[in-house]
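> Any chance you could fold what I've pasted below:
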Amino acid sequence: MGIALYEDKIKYLHSQTEALEIQLAYRTEATVNASTECKSMREKMNEATQQFKDERQTALDITKDMTRQYKGMQEDLLNKINHREGVIQNLKD
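Predicted structure coming up:
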């Protein structure tokens, strides 16, 4: 009867070992999947950050260009006004 008890314990321990191995495999797979997803999300975040920086630089470049154009137009209009005021003054004289 003692031998049967040991055989039952051995069977029980083997089944426990198999259950733990299955659980370990499942958790290992879940960890690998989570790591892969984390890496993917990190790459997407880096791409979005770079796209944001590019868009911000584009907006800054456009703003600089528009400011330059505005100043050029303002200077051109002032020159025209001064020229026409001069013409008016010459006509009055």
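
> what is the rounded mean pLDDT of stretch 74-88?
In this model, stretch 74-88 has a mean pLDDT of 95.

> ok, now stretch 30-49?
Here the average pLDDT along stretch 30-49 is 97.

> what about Met45, neighbour count?
Residue neighbour count, defined by other Cβ atoms under 10 Å, stands at 10 for Met45. C-beta here means a position set from N, CA and C on the backbone, and glycine is covered the same way.

> Who are the contact partners of it?
Taking Cβ atoms under 8 Å, 6 or more residues apart in numbering as the definition of contact, Met45 has no neighbours.

> ok, now Gln89?
Gln89 touches nothing, counting by Cβ under 8 Å, 6+ apart.

> Centre of the chain to the one helix or strand it maps to, how far?
In the assignment (DSSP states H and E), Gln89 maps to helix 2-92. Distance, stretch centre to chain centre, for helix 2-92: 0 Å (Cα atoms, centre = their mean, to the nearest Å).

> Make 34 the starting number, not 1.
Will do, 34 is the new start, and the previous item becomes helix 35-125.

> any idea how far Val120 is from Asn112?
Remark: distance between Val120 and Asn112 (Cβ to Cβ, to the nearest Å) = 13 Å.

> And His47, by the same measure?
According to Cβ to Cβ, His47 and Asn112 sit 97 Å apart.

> for Glu40, same thing?
Distance from Glu40 to Asn112, by Cβ to Cβ: 108 Å.

> centroid residue for the chain?
When Cα atoms, centre = their mean is applied to the chain, the residue found nearest the centroid is Ala81 (2.5 Å).

> Please report the distance of that residue from Tyr39.
Counting by Cβ to Cβ, the gap from Ala81 to Tyr39 is 62 Å.
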